[in-house]
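**Student:** Sharing a sequence plus its predicted fold:
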Amino acid sequence: MKELDSYLNDHLAGSVGALELIAHWKHLYEDKPLGAFFTGIEAEIRADQDTLRDLMRSLGIEESNVRQAGAWAAEKVGRARFMIAGDEPDGLGLVLALEGLIMGIMGKKLMWGTLAAASLPKGEAFDFRKLQRRAEEQIELTEAERIRAARRALESPTG
């Protein structure tokens with residue numbers, strides 16, 4: 001159970017970092033179409049995070065505040081990477097942020113698949129396959145935004 005505790009807490013911490021990242025970019029695009037994307041993906045990731053917390057509670061696994069604080073701090077340090085690339089609207093920093101978000105969602109998709117394959121006590125109360133499909137949809141939506149952002153960031157100013 002120690003391995004499962006660590007595994008689930010690592011993924012919970014990842015969701016904390018993802019929500020911090022999303023909050024930053026949502027604020028930058030508050031009154032723009034991309035703001036709606038960030039608002040929607042934030043709600044979905046928060047719902048997935050709540051499901052993960054429900055699973056952890058049902059298994060008697062305590063949340064690791066140390067890991068969550070570490071994820072929060074790592075997101076703040078990682079944001080420096082976006083600042084170097086530029087976090088101005090339509091810059092390369094947005095492309096990098098969306099790439100990072102896709103990697104996190106892919107990790108979540110893999111986690112749901114792993115949990116679906118495991119024989120967890122009380123696991124039947126959770127539809128891991130449905131959660132996995134939802135993560136796939138989130139990846140597709142985020143990838144579409146990443147491609148649009150990459151085109152804007154990397155197109156030649158001279159045409």
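**Tutor:** Cool, the structure landed.
**Student:** rest of the way, CA atoms for contacts and neighbours
**Tutor:** Noted.
**Student:** Tell me which helix or strand in the chain has the weakest average pLDDT.
**Tutor:** helix 65-85 (a mean of 56; mean pLDDT, DSSP states H and E).
**Student:** Now do the buried residues in the next helix or strand after that helix.
**Tutor:** Helices and strands here follow DSSP states H and E; after helix 65-85, the next one along the chain is helix 92-117. Going by neighbour count (16 or more other Cα atoms under 10 Å), the buried part of helix 92-117 is 92-99, 101-102, 104-106, 108-109, 111-113, 115-116.
**Student:** Quick check: the residue nearest to residue 41 when sequence neighbours are not counted vs residue 4, distance?
**Tutor:** Excluding its sequence neighbours, the residue lying closest to residue 41 (Cα to Cα, 6 or more residues apart in numbering) is residue 138, at 7.2 Å. To residue 4, residue 138 is 25 Å away according to Cα to Cα, to the nearest Å.
**Student:** Between these two, which is the more surrounded one?
**Tutor:** More neighbours surround residue 138 than the other of residue 138 and residue 4, with 21 against 14 (other Cα atoms under 10 Å).
**Student:** and the more buried one, what pLDDT?
**Tutor:** Among the per-residue scores, residue 138 holds a pLDDT of 98.
**Student:** Within the helices and strands, which one has it?
**Tutor:** Using DSSP H and E, residue 138 maps to helix 128-154.
**Student:** quick one: that helix to helix 92-117, angle?
**Tutor:** When axes from the mean of the first three to the mean of the last three Cα atoms, to 10 degrees is applied, the directions of helix 128-154 and helix 92-117 differ by 170 degrees.
**Student:** in this structure, which residue is closest to the centre?
**Tutor:** In the chain, the residue lying closest to the centroid (Cα atoms, centre = their mean) is residue 18, at 4.1 Å.
**Student:** quick one: that one and residue 102 touch, right?
**Tutor:** No: contact between residue 18 and residue 102 fails when scored by Cα atoms under 8 Å: they sit 9.9 Å apart.
**Student:** Between those two, which contacts overlap?
**Tutor:** Common neighbours of residue 18 and residue 102 are not found (criterion: Cα atoms under 8 Å, 6 or more residues apart in numbering).
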